[in-house]
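**Q** Please work out how this folds:
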Amino acid sequence: MKKSQFAIFLTIVLTVYSLVNYYIYITGLHALPEKFKTIYSVLYLFLFSSYIIGRFLERKFLNPLSAFFVWVGSFWLGAMVYYLLSVIIIDIIRLLNLFIGFFTATFYSEKYQLIFFFIVNVLVLLTVISGYINASNPVIRKLDLDINKKAGKLRSLRIAAASDIHLGTIINRKRLSKIVNKINAINADIILLPGDVVDEDIGPVIKQNAGELLRKLKAKYGVYAITGNHEYIGGAEAACNYLTEHGITELRDRSVLINDSFYLVGREDRASKGFAGIIRKPMNVLLEGVNKELPMILMDHQPVHLEDAEKNGIDLQLSGHTHHGQLWPFNYITKKIYEVSMGYKRKGNTHYYVSGGVGSWGPPLRTGNRPEILMIDLKFSG
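**A** Purely as a prediction, here's the structure:
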């Protein structure tokens, strides 16, 4: 991405972020008695600026202070969503009251404003806590699929797949250790990581030596990954080199024949063009030289143009990226954007699964769905 384009994008993001925060801030300020307004303003300024300060420090001076600000700011991003929803609902009620008058004048008294302020804060706090607990405890999602092809001497294949880990400051060694243990407990024949293994900057991953935990992933046919948009945001070459050095095979617009039985195909992420000027191969070019009589498993991070896999005879496509919105009610938006926001679909002879992911981006919360690791049992019945 060109510097000018990035500057415009960053300006838009910061403007929207500031306006949303001002709306929340001013609504809360009006609800408080005069004696609390100063401490409220100072606390709000700290929360508002934490993520910006943390990300800046993380790129310049990676240390516990930068991690502290990133953590505080990340929680605030999640809380901000539910504060915004709360103040919108409150203002809608106020507007309706102007026309209908179902509340008496006491509704606007200092006492009731303080009560509403307290209730909103408690509800948001409970939402953040429960969302964090949910995000920290991924489930194993089981899927049994039949592929009507012969796969050499193989009659079945067990896959463990974990998309969108987002390794970094938030998804740290502690979280990664839990993910690695859950994946290994599946006792899979092959482990697949369909993009966004690294959050953005590789620095925090290196500092935590998270790669040593990735080395503990064990499967008969190995561990394979593809790039996601976040690898490109932070620098795909550095991220891919690091993962390769720690036992993970990166499939970047290429296919491999495994055990003379099936093909594993990995696509570059669509973000490669915008961030690195790399145009990924069309599907038909990518599959040149592949024996389509054998099963073909495709990893493509972003679940767009699903028809490409069907047209080219792919048997199973695994994607991620959407997080299924991660925070309610954003799941309704991702369901409108993507043909499959999360879960299983079949088109012709092609099976698709779009995972909501096992990690989180931004807020370390999930309120719209459970994080998941896939256990897919394939049967070859050709």
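
**Q** and the helix or strand harbouring Tyr242, which residues are buried?
**A** Assignment of secondary structure by DSSP states H and E places Tyr242 within helix 236-245. Residues Ala236, Ala238, Ala239, Cys240, Tyr242, Leu243 are the ones in helix 236-245 that count as buried (16 or more other C-beta atoms under 10 Å). From N, CA and C alone the C-beta is placed, and that goes for glycine too.

**Q** Give me the residues contacting the next helix or strand after that helix.
**A** Sequence order places strand 249-250 as the next helix or strand after helix 236-245, per DSSP H and E. Applying C-beta atoms under 8 Å, 6 or more residues apart in numbering, the contact partners of strand 249-250 are Gly222, Val223, Tyr224, Ala225, Ile226, Thr227, Cys240, Leu243, Thr244, Val256, Gly266.

**Q** Just among the residues you listed, which is most surrounded?
**A** Neighbour counts for the contacts of strand 249-250, by other C-beta atoms under 10 Å, peak at Thr227, which reaches 33 neighbours.

**Q** Just confirm that residue is within a helix.
**A** No: if the criterion is DSSP: H, G, I helix; E, B strand; the rest coil, then Thr227 is coil and not within a helix.

**Q** That one touches Val198, doesn't it?
**A** No: assessed by C-beta atoms under 8 Å, Thr227 is found out of contact with Val198, at 9.4 Å.

**Q** For the two, list the residues in contact with both.
**A** Ala239.

**Q** Against which helices or strands is the helix holding Tyr242 packed?
**A** helix 211-214, strand 249-250, helix 272-276 (3 or more C-beta pairs under 8 Å, 6 or more residues apart in numbering; DSSP states H and E).

**Q** Any chance of TSV for those, columns mean neighbour count, distance to Ser41 and mean pLDDT?
**A** As requested, the helices and strands packed on helix 236-245 are arranged in TSV below (neighbours: other C-beta atoms under 10 Å; distance: least, C-beta to C-beta, whole Å; pLDDT from 0 to 100):
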stretch	mean neighbour count	distance to Ser41	mean pLDDT
helix 211-214	18	42	96
strand 249-250	17	48	98
helix 272-276	17	38	90
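
**Q** Could you dump the ones you listed into CSV and include distance to Ser341?
**A** CSV is the format used below for these (distance: least, C-beta to C-beta, whole Å):
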stretch, distance to Ser341
helix 211-214, 28
strand 249-250, 26
helix 272-276, 22
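
**Q** which one of those lies closest to Lys336?
**A** When the helices and strands packed on helix 236-245 are compared by C-beta to C-beta, helix 272-276 sits nearest Lys336, at 22.5 Å.

**Q** So which elements touch that closest one?
**A** helix 229-234, helix 236-245.

**Q** Would you format these as JSON lines with mean pLDDT and distance to Val13 included?
**A** Below are the helices and strands packed on helix 272-276 laid out as JSON lines (pLDDT from 0 to 100; distance: least, C-beta to C-beta, whole Å):
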{"stretch": "helix 229-234", "mean pLDDT": "93", "distance to Val13": "13"}
{"stretch": "helix 236-245", "mean pLDDT": "96", "distance to Val13": "21"}
